[in-house]
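*Asks:* only geometry, no sequence info:
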C-alpha cells in the first residue's frame with residue numbers, strides 16, 4: 001500500500017514538474033525580441049528647447065518599443081565625437097546627432113555607417129557625411145521671417161546690429177541666406193555684426209554695446225535665437241532703449257514670449273519642436289527596422305544629396321501669440337502673461 005501511495009505521489013510530482021518546465025519554455029518563447037537601440041547626442045542643453053526635444057523624442061521612441069540613450073556633450077566637439085564612438089561600441093541601431101560643429105563628424109559618421117548603424121542629422125545638417133536622413137525646419141525661411149520683421153519695422157536708412165549663431169552651425173548659414181534674401185536692396189545700415197561662438201548669449205550683450213559705441217541711434221537688433229535676444233534686451237534696457245528697438249529671435253522660449261507681450265521683443269520664430277521630435281523618433285524606428293522612410297526631398301550636404309524632412313516655421317508676434325503659442329499648447333497663458341495686466 002505504501003509503495004502504491006509513493007508511486008501516485010511521484011506521478012503527481014513529475015506531472016507538476018513537466019507542467020512547470022513547459023510554462024518556463026512557453027515564457028521564454030514569448031519573450032520580446034531585442035529592443036531597438038537609439039543613441040541621441042546633444043551638443044548641450046544651453047538652449048531651452050533641447051530639453052523639450054529630448055523628452056518628446058524619448059516618449060515617442062519608447063512608445064514605439066525602442067530604448068533611447070541620451071548623451072550631452074556640453075559644447076565640447078571632442079566629447080561629442082567620443083560619445084558617438086561609445087554609441088558605436090554599444091551597437092546602436094540608429095544614432096541621432098545634434099552637431100556642435102557641422103563639419104567635424106565625417107570620420108566618426110563613416111565609422112558608424114560602416115558598422116551598419118543608421119545616422120540621422122537632427123535639426124542641424126552634417127556636412128559631407130552622407131547621413132541617412134536630415135530632419136529640421138526650413139532654416140532659410142527662419143532667416144527670412146526675422147529679416148522681414150526688421151524690414152517692415154525699421155525706418156529707411158535705420159541702423160541695426162546683427163548677432164548670428166556660430167559659423168560651425170550650418171543652420172546659421174541657411175538662416176543668414178534667408179535674412180539676406182529679404183534685406184537685399186534695402187537701405188538699412190548694419191553698423192555692427194558678430195557670430196556668437198557656441199551660442200554664448202553674452203555675445204549679444206557686448207554686441208549691442210559695440211553698436212551703441214558706434215552710434216547711439218540703433219533701430220533694430222537681429223538675434224539668431226531667443227537666448228541671444230535675452231542679453232540684447234538686457235543691454236538695451238540698461239540704455240533705456242528696450243521697447244523702442246526692433247528685436248528678433250527664434251525658438252519661442254518662455255522668456256521671449258513674455259518679452260513679446262511686454263513689448264521689449266518684437267517677434268520670435270516658432271518651430272514646433274514637438275512635431276519635429278515625434279517625427280524624428282518615428283523615422284528612427286523605421287530606419288532601424290529597415291523600412292522605407294519614403295522621403296523624396298533632398299538637400300546637398302556638400303558632397304551627397306541626402307533625404308531631407310523639412311518642417312515649416314511660424315513668425316510669432318504679440319498679435320498671434322495666443323493663437324499659435326498658447327492655444328497650441330507650447331507655452332501656458334499664465335506664464336506668458338505673468339508680468340502683464342490683461
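*Replies:* Okay, I see it. Remember, predicted model here, so these are calculated numbers, not experimental data.

*Asks:* going forward, measure contacts between C-alpha atoms and count neighbours the same way
*Replies:* Will do.

*Asks:* quick check, residue 299 in a strand?
*Replies:* Yes - using DSSP: H, G, I helix; E, B strand; the rest coil, the assignment for residue 299 is a strand.

*Asks:* thinking it is in contact with residue 174, fair?
*Replies:* No - with contact defined as Cα atoms under 8 Å, residue 299 does not reach residue 174; the gap is 11.9 Å.

*Asks:* give me the more crowded residue out of the two.
*Replies:* residue 174 (18 against 15; other Cα atoms under 10 Å).

*Asks:* can you give the contact residues for stretch 208-227?
*Replies:* 47, 146-147, 150, 154-155, 158-165, 172, 191-192, 201, 204, 229, 232, 235-236, 244-253, 255-256, 268 (Cα atoms under 8 Å, 6 or more residues apart in numbering).

*Asks:* just the buried ones from those, in ChimeraX syntax?
*Replies:* Filtering the contacts of stretch 208-227 down to the buried ones (16 or more other Cα atoms under 10 Å) takes a single ChimeraX command:
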select :47,146,147,150,154,158,159,160,161,162,163,164,165,172,191,192,201,204,229,232,235,236,244,245,246,247,248,249,250,251,252,253,255,256,268
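
*Asks:* what bridges to residue 192?
*Replies:* Counting by DSSP bridges, residue 192 forms beta bridges with residue 161.

*Asks:* mind checking pLDDT for it?
*Replies:* Listed pLDDT for residue 192 reads 98.

*Asks:* ok, now which ones touch it?
*Replies:* 160-162, 207, 210-211.

*Asks:* now stretch 226-236: mean pLDDT?
*Replies:* 98.

*Asks:* go on, stretch 254-273?
*Replies:* Mean per-residue pLDDT for stretch 254-273: 97.

*Asks:* likewise stretch 294-311?
*Replies:* Confidence for stretch 294-311, expressed as mean pLDDT, is 96.

*Asks:* next, the buried residues of it.
*Replies:* Residues of stretch 294-311 classed as buried: 301, 306-310 (neighbour count, 16+ other Cα under 10 Å).

*Asks:* now, the residues you listed that are in strands?
*Replies:* Taking DSSP state E, the ones among the buried residues of stretch 294-311 that sit in strands are 306-310.

*Asks:* what's the closest of those residues to residue 187?
*Replies:* Taking Cα to Cα as the measure, residue 187 sits nearest to residue 310 out of these, at 32.0 Å.

*Asks:* identify the bridge partners of that closest one.
*Replies:* Under the criterion used (DSSP bridges), residue 310 bridges to residue 136.

*Asks:* can you list the domains in this structure?
*Replies:* Following the assignment in automatic domain parsing, the chain carries domains at 36-131+272-311, 139-271+315-336.

*Asks:* count of residues packed around residue 257?
*Replies:* 27.

*Asks:* and it, what helix or strand is that in?
*Replies:* Assigned by DSSP states H and E, residue 257 belongs to helix 254-262.

*Asks:* quick one: list the elements packing against that helix.
*Replies:* helix 226-238, helix 333-336 (3 or more Cα pairs under 8 Å, 6 or more residues apart in numbering; DSSP states H and E).

*Asks:* what's the closest of the ones you listed to residue 77?
*Replies:* Once those are compared by Cα to Cα, helix 226-238 is nearest, at 21.0 Å.

*Asks:* wait, residue 173 touches residue 180, no?
*Replies:* No - between residue 173 and residue 180 there is no contact under Cα under 8 Å: 10.4 Å.

*Asks:* which one's more surrounded, those two?
*Replies:* Higher neighbour count among residue 173 and residue 180: residue 173, with 18 against 15, using other Cα under 10 Å.

*Asks:* pLDDT weak spots in the stretch 1-150 of the chain?
*Replies:* In the predicted model of the stretch 1-150 of the chain, residues 1-33 satisfy pLDDT under 70.

*Asks:* quick one: the helices in it?
*Replies:* 2-29, 49-63, 77-89, 106-114, 139-153 (DSSP state H, counting those that start in this stretch).

*Asks:* for the fourth one, buried residues please.
*Replies:* If I follow you right, that is helix 106-114. Within helix 106-114, the residues scored as buried using 16+ other Cα under 10 Å are 108-110, 112-113.

*Asks:* next: the last one.
*Replies:* For helix 139-153, a neighbour-count test (16+ other Cα under 10 Å) marks 139-151 as buried.

*Asks:* just the buried residues of helix 106-114 now: which is nearest residue 341?
*Replies:* residue 109 (51.7 Å).

*Asks:* not counting its neighbours along the chain, what's nearest that closest one?
*Replies:* residue 129 (6.6 Å; Cα to Cα, 6 or more residues apart in numbering).

*Asks:* same thing with residue 301?
*Replies:* Nearest to residue 301 is residue 127, by Cα to Cα, 6+ apart, at 4.9 Å.

*Asks:* so the one you found sits right up against residue 100, yeah?
*Replies:* No - using Cα under 8 Å, residue 127 makes no contact with residue 100, being 11.9 Å away.

*Asks:* quick one, which of these two is more surrounded?
*Replies:* In this view residue 127 and residue 100 are compared by other Cα under 10 Å, and residue 100 has more residues nearby, 27 against 20.
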